[in-house]
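Student: fold the stuff below for me.
(one chain, ligands or ions: 1)
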Amino acid sequence: MPDTMIASPKTPHDTAPEYDALIIGAGFAGMYELICLRDRLGLNVRVLEAGDEVGGTWYWNRYPGARCDSESHVYNYTFSKELYDSWEWSERYPGQAEIMRYMKHVADRFDLRRSISFGTRVTGAAYDEAANRWIVTTEHGDTHTARFLITAVGCLSTANVPAIPGLSEFKGEWYHTGQWPQEGVDFTGKTVGLIGTGSTGIQATPVIAEQAGHLTVFQRTANYSVPANNGPLTAEFKQWVRDNYDEIRRISRSNANGQAFTVEDRSVFDVDQEERQAIYEAAWAKGGLQFRATFRDLLLDKAANDTASEFLKAKIRSLVHDPATAALLADIDHPYAAKRPPIDTGYFDAFNRDNVSLVDVRANPIERILPHGVQTSAGEYPLDIIVFATGFDAMTGPLLRLNIQGRDGVTLREAWASGPRTYLGLQVSGFPNLFTITGPGSPSVLTNMPVAIEQHAEWIADCIAHLRETGVEQMEPKPDAVEQWVSRVNEAASATLLPQASSSWYLGANVPGKPRVFMPFAGGMARYREICDQVAANGYEGFTMTHEPSRITA
Ligand code: NA7
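Tutor: I've put the predicted structure just below:
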């Protein structure tokens, strides 16, 4: 008697809802993948989302000052001209609330919510080899099964709350910026401590300072920051954006960073000192991430980078009145932009306020959290509220916490014990039919995210369409393709100054015990797109395609 005909008691999996594809996460990536698979391919798709609304990163990161570092006219979907025309941004850099309005607008326009289960955190995903299905478990204890599992969990969605002794005994309030209460936090008159001076701490500092009685910023690694020069968009600019959809889309899809600006094709050493200074001054006045784009060798040559870093350190010293505070803020240990470069609105100026102080926790580390404050090796700081702007277990953290188990019961955590190993950042060997949108090994965080997300969502949809047309049941990368891609990711990083920032989250260095591996692909978005397209054109080179998995019995 064939196995399938043996009568056996029903397991919960037998009655689990069955889909063609399950998508985890309803941020930019999950929403668009849903449109691709449900509306274009006609698949039966469900999205499982931990939050109560769409938005992903922007749903959780609603801390004071939360704002995108990409300019609004490129921080949106471009797959539909009609959608593009239906929305108008109000500021140069969109704030969290406006981005949430945009994402709700997209959800409404494409009727996405009917396919999304909100308030549904995924706690496990196991590949059932016999059935060639993914069995996904949620925090409510229910299961869903699907042929394809697509993670759209973002790169910066697993909060890193440092394990500082004493936190559980803290009598005041404490928050991590990436898990901010929906109702907000009232800092009025409070003594606040903010730990962390990455992009988030740099955005939050001036805003909290305006409300708090006193704000103490605990700095471990000093950081560069360039003014965002944010402000309302003029009617003229809005019209330019409307008139230039094709060109903005073309540029952002054809350069290395997914932004609407290109890196100048000149070396720092092509110009003399005076001209270089004028170029930096103009870029500083214009503001934004394009400071990086002033010269082509800023991220390739340390001597070139030194010229930018000296300019930016001098700016800090000129902005901050107290020389000791200025010196501490300008005591930066890494090349400019080797860590993710922040942009700000009044960060350095905030240290000129009487109610803001800076504490050096590199020289005098935080030793413990006291019931009413923070203790460093130099002294105690009484606090009512602690804000952890301490970042994320980036890129791998959101995937590992899903507890994914692949072929033969091997977990993703085991497969990635020495760091992430993917092919193109899209698939993992031993985890058939699992796709990871903006996974480690893809350009992701080194680009304007919507551009990277659209490319991945479309590539995956095209791939699934191909599998359907050709009758392929199971797809996963060949181990040697993974090996080669991991080498290529390392080579791309090594060609830049990016690995030189020893405390960078790109390297996993911010999380104790995390393998030090440069995670994103630094070879550029346009080059990466070409590689992915070529792989597909070559019949999905590097992947094993199985028409009839030998052990499928159901
Ligand atoms: P980041 O960039 O990882 O910054 C986190 C900050 O918190 C950084 O200054 C860390 O210092 C600091 N940190 C982390 N743990 C500690 C402890 N234990 N003690 C003191 N200071 C600590 O996170 P963000 O949220 O600012 O930005 C993440 C990304 O979101 C950003 O790059 C954009 O892409 C959007 P360290 O540098 O590790 O010494």
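
Student: so what's the nearest residue to residue 222 once chain neighbours are set aside up against?
Tutor: In space, residue 222 comes closest to residue 332 once its chain neighbours are excluded; the distance is 4.6 Å by Cβ to Cβ, 6 or more residues apart in numbering. Just so you know, the C-beta spots here come from the backbone N, C-alpha and C atoms, and that holds for glycine as well. For residue 332, the contact set (Cβ atoms under 8 Å, 6 or more residues apart in numbering) comprises 221, 222, 223, 224, 309, 313.

Student: so which of those residues would count as near the ligand as well?
Tutor: Under the cut-off given by Cβ under 6 Å from any ligand atom, the ligand has residue 221 from the contacts of residue 332 close to it.

Student: just to be sure, which of the contacts of residue 332 are found in helices?
Tutor: 309, 313 (DSSP state H).

Student: ok, residue 456 touching residue 447?
Tutor: No. In this structure, residue 456 is not within contact of residue 447 by Cβ atoms under 8 Å, at 11.0 Å.

Student: more neighbours: these two, which one.
Tutor: Of the pair residue 456 and residue 447, residue 456 is the one with more neighbours under other Cβ atoms under 10 Å, namely 29 against 26.

Student: what about the more buried one, which helix or strand?
Tutor: Using DSSP states H and E, residue 456 falls within helix 449-470.

Student: quick one: average pLDDT of that helix?
Tutor: Averaged over helix 449-470, pLDDT sits at 98.

Student: okay, the residue most central in space within the chain: pLDDT?
Tutor: By Cα atoms, centre = their mean, the chain has its centre lying nearest to residue 155, at 3.5 Å. pLDDT for residue 155: 97.

Student: count the residues that sit near residue 441.
Tutor: Neighbour tally, residue 441, other Cβ under 10 Å: 28.

Student: wait, it sits on residue 424?
Tutor: Yes. Between residue 441 and residue 424 there is a contact under Cβ under 8 Å: 6.5 Å.

Student: tell me where the stretch 101-250 of the chain has helices.
Tutor: Taking DSSP state H, counting those that start in this stretch as the test, the helices found in the stretch 101-250 of the chain are 199-211, 235-243, 245-254.

Student: how about the last one as PDB, C-alpha atoms only?
Tutor: When you say that, I think you mean helix 245-254. Output of helix 245-254 as PDB, limited to C-alpha atoms (Å, rounded to 0.1, in the frame of the first residue of the first chain):
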ATOM      1  CA  TYR A 245       9.100  60.200 -13.500                       C
ATOM      2  CA  ASP A 246      10.900  58.400 -16.300                       C
ATOM      3  CA  GLU A 247      14.200  60.100 -15.800                       C
ATOM      4  CA  ILE A 248      14.200  59.800 -12.000                       C
ATOM      5  CA  ARG A 249      13.400  56.100 -12.300                       C
ATOM      6  CA  ARG A 250      16.100  55.600 -14.900                       C
ATOM      7  CA  ILE A 251      18.800  57.200 -12.900                       C
ATOM      8  CA  SER A 252      17.800  55.500  -9.600                       C
ATOM      9  CA  ARG A 253      17.700  52.100 -11.300                       C
ATOM     10  CA  SER A 254      21.000  52.600 -13.200                       C
END
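
Student: mind listing what's buried in it?
Tutor: Under the neighbour-count criterion of 16 or more other Cβ atoms under 10 Å, helix 245-254 has 248, 249, 251, 252 buried.

Student: same deal with the second one?
Tutor: Of the residues in helix 235-243, those buried by neighbour count under the rule 16+ other Cβ under 10 Å are 238, 241.

Student: stretch 321-332 now?
Tutor: For stretch 321-332, the neighbour count (16+ other Cβ under 10 Å) marks 325, 326, 328, 329, 330, 332 as buried.
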